[in-house]
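Novice: predicted structure and sequence below. I'll ask about it afterward.
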Amino acid sequence: MRRYVLIVAGGKGLRMGGDLPKQFIPLEGKPVLMHTLEVFHRWDASAELVLVLPEDHQPYWNMLCREIGCKVPHRIANGGETRFHSVRNGLEFLSEEIKNASEGNEKVLVAVHDGVRPFVSPEVIEACFDEAEKKGAAIPVMPMIDSLRETDEKGSHPVDRSRYFAVQTPQVFRSGLLLKAYGQEFSSLFTDDASVVEAMGETIRLVSGNRENIKITTPFDLIIAESLLIHAGRENGDRAGF
């Protein structure tokens, strides 16, 4: 079994209100993106990690890796105009390897993960890969905890929140399925990888996510992320006997 992870990091940080793209914002001395790479490396050091990054961001990332000392082996593919095109570029970057592995009768799974989700748990990652291996496509989700309302021309009305889920990443697929899906023409209706695959009539399996697996896109998210890192550090200290 060969396992690839495409970590997509094309954000420009507009919702953060600053010039620094959100994937580069420091958390406890490391950029968000480096924390994300480390999560997947801790989960499975043999997994192939590919960072999909805009070309004009790559020199800055390489500088950060030199100065901070990124210990996680990874390769870099060029990002695209949209997330869809970035994922397509990442798949094209891996296409020859995937083809060779498949011709050798080796199973290949590909995950796509947001670069600004550094708190996904190893258990969720493993569960998504396991389900994708069995069924072809799996994504992590969380049940809604807020009340929801739908608006229309008559106003607004409540909806049954038990029928709705918040979608996370990594979204994991059999390689052939994902490659075929990204051969389609781009549509504005493609909000994530699952929606691209579903456009071919495929079924997506749902896996329980973890509440901490937030996407860091606003200053408030950054406050939560800093708290999560502090809490994780305390837990690690307790286990070490401090």
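Specialist: Okay, I see it. All figures in this text were calculated on a predicted structure; none of them were measured in a lab.

Novice: C-alpha only now, for contacts and for neighbours.
Specialist: Will do.

Novice: find the centremost residue of this structure, please.
Specialist: By Cα atoms, centre = their mean, the chain has its centre lying nearest to H113, at 1.5 Å.

Novice: my guess is that residue contacts V8, does it?
Specialist: Yes - H113 is in contact with V8 according to Cα atoms under 8 Å; the separation is 6.2 Å.

Novice: roughly how far is the least confident helix or strand in the chain by mean pLDDT from the heart of the chain?
Specialist: Of all helical and strand segments in the chain, the minimum by mean pLDDT, DSSP states H and E falls on helix 219-239, at a mean of 80. Its chain's average C-alpha position is 20 Å from that of helix 219-239, according to Cα atoms, centre = their mean, to the nearest Å.

Novice: same check on stretch 129-146?
Specialist: With Cα atoms, centre = their mean as the basis, the mean position of stretch 129-146 lies at 13 Å from the chain mean.

Novice: who's in contact with it?
Specialist: If you take Cα atoms under 8 Å, 6 or more residues apart in numbering as the criterion, stretch 129-146 is touched by 109, 111, 124, 128, 161-162, 164-174, 177, 194, 203-211.

Novice: OK, contacts around the residue of the chain positioned farthest from its centre?
Specialist: Taking Cα atoms, centre = their mean, the residue of the chain most remote from its mean C-alpha position is K154, at 37.6 Å. Residues counted as contacts of K154 (Cα under 8 Å, 6+ apart): none.

Novice: now F84
Specialist: F186, F190, D192, D193 are the contacts of F84 under Cα under 8 Å, 6+ apart.
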